[in-house]
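Undergrad: Sequence and predicted structure are below.
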Amino acid sequence: MQHETLKLIAARLNQNLEAGTETWAESDLVHRASTYNDAGHMAAELAVMRRYPVIIAHSVSLPKAGDFITDNSLGVPVLVSRQSNGGLKAFLNICRHRGSPVCLEKSGSTRIFVCPYHAWSYRSDGSLLKAPSEQGKDAALVELPVEERHGLIWLVATSGAKIDVAAHLGPLDEEFQGFRLGEFVQERGEVLTEGMNWKYVLDGFLEVYHIPKLHAASIGRYIHGKFSLFDQFGLHGRLVVVRKALDEKRRLPLEDRDLLKLIAVNYVIFPNTILVWQGDHFELWAAYPGGDPAHCSIRILSLTTPQTATEEYRARWDKNWKILLDTVQQEDWAISKRVQAGIPYLAEDRIVFGRNEPALQHFHGQLRAAIEVS
Ligand code: FES
Ligand SMILES: [Fe+2]
């Protein structure tokens, strides 16, 4: 984050802390509860997600030429392969003969993909190497737009679409550069599947209102349930959350201290990702719809500096990871599953994102607008 941005945040946080307030929206937003359990609505969300760059991995997953990963996060079978020039190419993982997946492994390294059905083979640039007869002439794998930026692999799951991650991120692109996000390495990564709608993953990071109650015994001891600051950047948003450690240090003006250690910054990267600055590392949470509205998968990455991604720091990151997963699984997602189960029984098809929850209002508003456009 740039110094100027931090100074502005510090000034506004000082005001919030003095006045005991936080960023509020103009009014409450009434929202359709069935957006969490309607299959047609989920199909519309998936269609939106396939139009935007979505993070599917960290660059570290494919370090050298020939390395590949397969992915099915958005319900589209994808094969990503590191090229000999160091760049990436992504393809539909679908053979041009009769449609078998060309590659069945999750990851690996190869120069040639041999289809497991009738053995058509493809080079790692997607071109057809060998088909037994003339029928396969010019049948390369269908390419998908892919880009590496900020150390992450972004994909648009629609063939023929364009990708420009910097343009997509707008001002946040510079902000991530200010953090040198591209130099962070993946200390740990995991994909979980959970029995709840994918949007609950984001919702949990987009208000601090629930922290004192739901997380009373865990992170509620360290994080305030108020004073947060919200800013929107087009499709995306930034919620600055205040740590209680700040209270003990309030006698100095905020900008004179290492503010980045006293706040957490929750970025929402449209359409499906939360990136959290945790004071010394990032967490990335990318949520993808599952086979039905009550299931999802979640890619969680812990990103640290190369200096701290070492054995020496292992115990600390292990502890961190455990606290993280325990908190979200036993607290946030446990309540989300209960909430989801109650939706069909609501007296009316409505829930409320309050004035004190502007980040939630913004995210759901952007998603609704994107669905309406398509
Ligand atoms: S489907 Fe791939 S070779 Fe036949
Ligand atoms: Fe939470």
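TA: Yes, it's here. Ligands and ions are numbered 1, 2, ... in the order given.
Undergrad: Residue 49 and residue 74 touch, don't they?
TA: Yes. The criterion here is Cβ atoms under 8 Å, and residue 49 meets it with residue 74 at 5.5 Å. Where you see a C-beta, it was placed from the backbone N, CA and C, and this is true even at glycine.
Undergrad: who has more neighbours, those two?
TA: More crowded of residue 49 and residue 74, by other Cβ atoms under 10 Å: residue 49, with 25 against 20.
Undergrad: Determine the number of other residues adjacent to the closest residue to residue 255 other than its chain neighbours.
TA: Nearest non-adjacent residue to residue 255, counting by Cβ to Cβ, 6 or more residues apart in numbering: residue 10, 4.1 Å away. Residue 10 has 19 neighbours, counted by other Cβ under 10 Å.
Undergrad: Overlap in contacts, residue 49 and residue 74.
TA: Listed as contacting both residue 49 and residue 74 by Cβ atoms under 8 Å, 6 or more residues apart in numbering are 157, 288-289.
Undergrad: For PyMOL, write a command that selects the buried ones of those.
TA: Command for PyMOL, covering only those of those found buried under the criterion 16 or more other Cβ atoms under 10 Å:
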select buried, resi 157+288+289
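Undergrad: would you turn the shared contacts of residue 49 and residue 74 into JSON lines with pLDDT?
TA: Compiled in JSON lines, the shared contacts of residue 49 and residue 74 are given as follows (pLDDT from 0 to 100):
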{"residue": "157", "pLDDT": "98"}
{"residue": "288", "pLDDT": "98"}
{"residue": "289", "pLDDT": "97"}
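Undergrad: Residue 57 touches residue 154, doesn't it?
TA: No. Counting by Cβ under 8 Å, residue 154 is not a contact partner of residue 57; they are 9.5 Å apart.
Undergrad: and the stretch 251-374 of the chain, which residues reach ligand 2?
TA: residue 332 (Cβ under 5 Å from the ion).
Undergrad: Just want the residue of the stretch 251-374 of the chain that's nearest ligand 1.
TA: residue 291 (24.2 Å; Cβ to the nearest ligand atom).
Undergrad: where does residue 113 land in three-state SS?
TA: Assigned with DSSP: H, G, I helix; E, B strand; the rest coil, residue 113 falls in the strand class.
Undergrad: What is the burial count for the residue of the stretch 251-374 of the chain closest to ligand 1?
TA: 12.
Undergrad: How about the backbone phi and psi for it?
TA: The phi/psi pair for residue 291 (degrees, to the nearest 10) reads phi -70, psi -20.
Undergrad: Remind me which helix or strand residue 43 belongs to.
TA: Per DSSP states H and E, residue 43 falls inside helix 39-49.
Undergrad: quick one: contacts of the very next helix or strand once past that helix?
TA: Following helix 39-49 in sequence order, the next helix or strand is strand 54-58 (DSSP H and E). Outside strand 54-58, the residues within contact range by Cβ under 8 Å, 6+ apart are 69, 71, 73-74, 78, 80, 151-157, 185-186, 189, 269, 271-273, 284, 286, 299, 301, 303.
Undergrad: Pull out the buried residues from those residues.
TA: Buried subset of these (neighbour count, 16+ other Cβ under 10 Å): 69, 71, 73-74, 78, 80, 151-157, 185-186, 269, 271-273, 284, 286, 299, 301, 303.
Undergrad: In strands only, show me the residues you listed.
TA: Under the assignment DSSP state E, the buried ones among the contacts of strand 54-58 contribute 69, 71, 78, 80, 152-155, 185-186, 269, 273, 284, 286, 299, 301, 303 to strands.
Undergrad: Do a quick rundown of the strands in the stretch 51-200 of the chain.
TA: 54-58, 67-71, 78-82, 88-92, 107-109, 112-114, 121-123, 128-130, 143-144, 146-149, 152-155, 185-194 (DSSP state E, counting those that start in this stretch).
Undergrad: Could you identify the helix or strand that succeeds the helix or strand bottoming out on mean pLDDT in the chain?
TA: Every helix and strand in the chain was compared by mean pLDDT, DSSP states H and E; the lowest is helix 3-19, with a mean of 87. As assigned by DSSP H and E, the chain's next helix or strand after helix 3-19 is strand 29-31.
Undergrad: From the rest of the structure, what touches that following strand?
TA: 350-354, 360-361, 364-365.
Undergrad: Pull up the residues of the stretch 101-250 of the chain that are close to ligand 1.
TA: Residues of the stretch 101-250 of the chain lying near ligand 1 by Cβ under 6 Å from any ligand atom: 115, 117-120.
Undergrad: quick check, nearest of the residues you listed to ligand 2?
TA: Of all these, ligand 2 sits closest to residue 115, with 44.8 Å by Cβ to the ion.
Undergrad: What values do phi and psi take at the closest residue to the closest one other than its chain neighbours?
TA: Nearest residue to residue 115 in three dimensions, chain neighbours excluded: residue 95, at 4.4 Å (Cβ to Cβ, 6+ apart). With angles defined as degrees, to the nearest 10, residue 95 sits at phi -70, psi 140.
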